[in-house]
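Chemist: Give me a model of this one.
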Amino acid sequence: MSNFKINFSLKPLDDITPWGGTKPSLHWFGMTDGQLWITVGENNIYEYSQAAIDHFHCDLRYNDYQLSRFLEDFSDTFRFVREPIPAALYNGLDTFRNRVHHWHDAQIGDDDDDDAYWDFFENEYEPLTDWYQRRSFDSGHLVGGPYFSFCRCGETGEKIKICWESDDRLESGGHIWTVPCGVFELPYREFVAEVERFYTAFFEAMDKQVERALQKDWGAVEVDKAYLAKEHAERKEGFSRAVALLSTPCTPEECTDWAKVETLYRKMTAELL
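Modeler: Numbers count the residues shown, from 1 in each chain. Model prediction:
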């Protein structure tokens, strides 16, 4: 059994607050309101610390937001995640984001129009970091939400690392999350299997959510039932295609120029010594 699991729960329709104030309405995105947490080994990502629960005066333990936000951000990375990265980059993932920040900051001078800086940014910094950013997403909709990256290992492509970090703290100095940062490695096939299981479970739950919404008398709340049914079918199909990418090799045109990336990686490493 895998030590990686994406957990969720949807709020009942009657517990979801419609949008719009005096002219309330509800749509597919709003109906995905619920909680989300990710189990990695013995830890849970997206689990609030007790200090955060006390500080925010909330009674919910996990990421409490529309789950569609996570699905969209996560699935947008799949066409890149499927492509393995070189071993040197994979082995340095733990510190990559922090190191490129230092490298970037070291190039900033007093003059905002410094031609040398913009040449560095366009020809070195962006080409080095693009591959990482394409495999990453933030949680900007949450206070102090963690930044994620998902990177498959090179050559055999048999493993994948999940990296997450959140530097934000409460006014008291305490962490917002029970596990604010970390790296977790697992077999790539187990990662794909869990993503497939999660998407199946989520859309089975949303099938029921939408069916109840179509049958419900919403009164003063505006719900476009015809569009809701259409959007649900489109979302389901779209996410299914995204998940399938994880098991589909990249075409030659889609492959990253890893030789260029590794050259820049070595340059950065030398300059940070």
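Chemist: contacts, neighbours, all on C-alpha from now
Modeler: Will do.
Chemist: for the protein, what spans make up the helices?
Modeler: For the chain, the helices defined by DSSP state H cover 28-31, 50-56, 67-75, 78-81, 87-91, 93-106, 115-120, 126-134, 188-215, 225-245, 258-271.
Chemist: most packed of those?
Modeler: Greatest average neighbour count among the helices of the chain goes to helix 78-81 (a mean of 22), per mean count of other C-alpha atoms under 10 Å.
Chemist: For that one, what is the distance to the chain centroid?
Modeler: 12 Å (C-alpha atoms, centre = their mean, to the nearest Å).
Chemist: Please name every helix or strand in contact with it.
Modeler: strand 147-152, helix 225-245 (3 or more C-alpha pairs under 8 Å, 6 or more residues apart in numbering; DSSP states H and E).
Chemist: how far off helix 67-75 does the last one point, in degrees?
Modeler: Angle of helix 225-245 versus helix 67-75, following axes from the mean of the first three to the mean of the last three C-alpha atoms, to 10 degrees, is 30 degrees.
Chemist: How about the shortest one?
Modeler: For strand 147-152 against helix 67-75, the angle between stretch directions is 40 degrees (the same axes, to 10 degrees).
Chemist: Residues in contact with strand 147-152: which ones?
Modeler: With contact meaning C-alpha atoms under 8 Å, 6 or more residues apart in numbering, strand 147-152 is reached by 81-85, 90, 132-133, 135-139, 158-166, 188.
Chemist: That one - which strands sit beside it in the sheet, and in what orientation?
Modeler: Paired with strand 147-152 in the same sheet, following DSSP bridges, are strand 136-137 (antiparallel), strand 159-165 (antiparallel).
Chemist: wait, what's in contact with Y125?
Modeler: Contacts of Y125 by C-alpha under 8 Å, 6+ apart are 100, 104.
Chemist: Can you verify my assumption that K225 contacts K216?
Modeler: No. Applying C-alpha atoms under 8 Å, one finds K225 not in contact with K216, separated by 9.9 Å.
Chemist: about what we covered before: out of the strands paired with strand 147-152, which is closest to V183?
Modeler: Proximity to V183 (C-alpha to C-alpha) singles out strand 159-165 among the strands paired with strand 147-152, at 4.5 Å.
Chemist: can you give me the mean pLDDT across the closest one?
Modeler: In this model, strand 159-165 carries a mean pLDDT of 97.
Chemist: With stretch 52-61 instead?
Modeler: 90.
Chemist: How about stretch 232-243?
Modeler: On average, stretch 232-243 scores 97.
Chemist: Output the lowest mean pLDDT helix or strand found in the chain.
Modeler: helix 115-120 (a mean of 89; mean pLDDT, DSSP states H and E).
Chemist: who's in contact with it?
Modeler: 107-109.
Chemist: Those residues into JSON lines, with extra columns for pLDDT and distance to R266?
Modeler: Shown next, in JSON lines, are the contacts of helix 115-120 (pLDDT from 0 to 100; distance: C-alpha to C-alpha, whole Å):
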{"residue": "Q107", "pLDDT": "89", "distance to R266": "17"}
{"residue": "I108", "pLDDT": "84", "distance to R266": "20"}
{"residue": "G109", "pLDDT": "74", "distance to R266": "23"}
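Chemist: mind putting the residues you listed in CSV, distance to V192 included?
Modeler: CSV is the format used below for the contacts of helix 115-120 (distance: C-alpha to C-alpha, whole Å):
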residue, distance to V192
Q107, 39
I108, 40
G109, 44
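Chemist: who's N7 bridged to?
Modeler: W37.
Chemist: and it, how many residues sit next to it?
Modeler: Neighbour count for N7, taken as other C-alpha atoms under 10 Å: 15.
Chemist: State the pLDDT value of it.
Modeler: 98.
Chemist: hang on, it packs against L36?
Modeler: Yes. Using C-alpha under 8 Å, N7 is in contact with L36, at 5.7 Å.
Chemist: Quick check: buried residues in stretch 148-168?
Modeler: Neighbour-count burial for stretch 148-168, counted by 16 or more other C-alpha atoms under 10 Å, picks out 148-154, 157, 159-166, 168.
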